[in-house]
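Asker: sequence and predicted structure below; questions after.
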Amino acid sequence: MKDVRYIRKEKGVSPVIATILMVAITVVLAATVYIMVSMYTKPTTVQIQGALMYDSISSNPAKGWANFTVQMSQPANGVNLTKLKVTVGGTTYTWGSGVGKGIPDGSTIKVGIIDANGDGNLNNGEYIYIYISGQDISGQKVIVAASGFSGTLAGTIGS
């Protein structure tokens, strides 16, 4: 028999290709870790959650009066009154400085907040009253928003 020797050739990936693959894998892993970590470190805006409950007993929308009770589940510690904006029927009014100031003073519309505990915040269970002289405000939507917060409290007059 013949002596047949098998010559084994070792083939592999060239060093250039190997380097490119290693860099690509590292970049993909780094990007994946960055995306995962960035989801946990994003600053989130506190959201206002809840509703405005229309009080049909103390309201008279045909004469321009509407009262709401704040039903707020978040934030738990309330929202500073100076950050509030109240929208009535599509027109937005920014709250004046100080507790109990109507929006705006000296006009035909008055929006007030009864700060029951006197802490300068809008809290769960407190009241918002609206008066627009000489107008039937039945069916108007009322929205309360606050600067620095996402979300709103909303209710409809007469519902």
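Answerer: Now that the structure is in, tell me what you want to look at.

Asker: give me the most central residue, this structure.
Answerer: Geometric centre of the chain, nearest residue: residue 150, 1.6 Å, by Cα atoms, centre = their mean.

Asker: isn't residue 126 up against residue 119?
Answerer: No - under the criterion of Cβ atoms under 8 Å, residue 126 makes no contact with residue 119, lying 9.9 Å away. The way it works is simple: take the backbone N, C-alpha and C, and place the C-beta from them, glycine included.

Asker: those two - which one has more neighbours?
Answerer: Taking neighbours as other Cβ atoms under 10 Å, residue 126 and residue 119 compare with residue 126 leading, 19 against 14.

Asker: show the pLDDT at the residue nearest to the centre of the chain.
Answerer: At residue 150, the pLDDT value in this model is 83.

Asker: quick check: bridge partners of it?
Answerer: residue 47 (DSSP bridges).

Asker: against residue 49, how distant is it?
Answerer: 10 Å (Cβ to Cβ, to the nearest Å).

Asker: again with residue 71
Answerer: 10 Å.

Asker: swap in residue 73?
Answerer: Counting by Cβ to Cβ, the gap from residue 73 to residue 49 is 5 Å.

Asker: who's more crowded, the two?
Answerer: For residue 73 versus residue 49, neighbours defined as other Cβ under 10 Å are more numerous around residue 49 (15 against 10).

Asker: appreciated, that's everything.
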